[in-house]
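1. Have a look at this prediction, sequence included:
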Amino acid sequence: MVVEWLSFVALVVYAYLTYLIAKDIYNPLVSFSIKQIKEEKKEELTHLGFTMVNKSKVEVEVFGKLLSKVNNELFEFKDGFYGDKKHWILQPFTEGFGHFYLKDLTNKYGVKLEDFVKNNKISSIDFDMQIKYRRVVVRNGRVYKKIAFGKWKITSPQNFVYNFDKNLFWLNV
């Protein structure tokens, strides 16, 4: 009788752990990275590549936000993929890629970061990149946000440094 109960308990525990593993794969999980893109014909290297990977078995909708605060001035993209205004749809286990120029960030007065840095003789800046994502269903080209899975997951802002004088880029740790 004891062996039967122990076997039953072991089976229940095994079933529950299997359920947790299966459930985890169907929860959305997206990671991203940024790297410097070197252009052969240009000396300035403010061109950065953005890569994101959907590591789950569900489609996800991803929004990105890129911003920099320099001398108490906020510089950000107002529209598009890096301004939290346009989304990417990533299929399960796929990678998306984009790129941007740091010099194109603008403040609320429309001043570009490149001009602000040159005028104030600033050699390096910090900037942050953050993404938010959630599970979606796409049918016939339309995006349906599933209410049960529609809660946004937001990554911690990743902080990076770019040195304009030396054209160097690195993760700020």
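-> Arrived safely.
2. phi, psi of residue 6?
-> Note on residue 6: its backbone torsions stand at phi -60, psi -40 [degrees, to the nearest 10].
3. Flag the helix or strand of this structure with the lowest per-element mean pLDDT.
-> Counting by mean pLDDT, DSSP states H and E, the weakest-scoring helix or strand in the chain turns out to be strand 142-145, with a mean of 68.
4. Sort out which residues of the lengthiest strand in the chain are buried, please.
-> Counting residues, the longest strand found in the chain (DSSP state E) is strand 124-139. Of the residues in strand 124-139, those buried by neighbour count under the rule 16 or more other C-beta atoms under 10 Å are 125, 127, 128, 129, 130, 131, 132, 133, 134, 135, 136. From N, CA and C alone the C-beta is placed, and that goes for glycine too.
5. and the residue lying closest to the last one once chain neighbours are set aside, what are its bridge partners?
-> Pointing back at residue 136 there. Nearest non-adjacent residue to residue 136, counting by C-beta to C-beta, 6 or more residues apart in numbering: residue 61, 4.5 Å away. Partner residues in beta bridges with residue 61: residue 89, residue 134, with DSSP bridges as the criterion.
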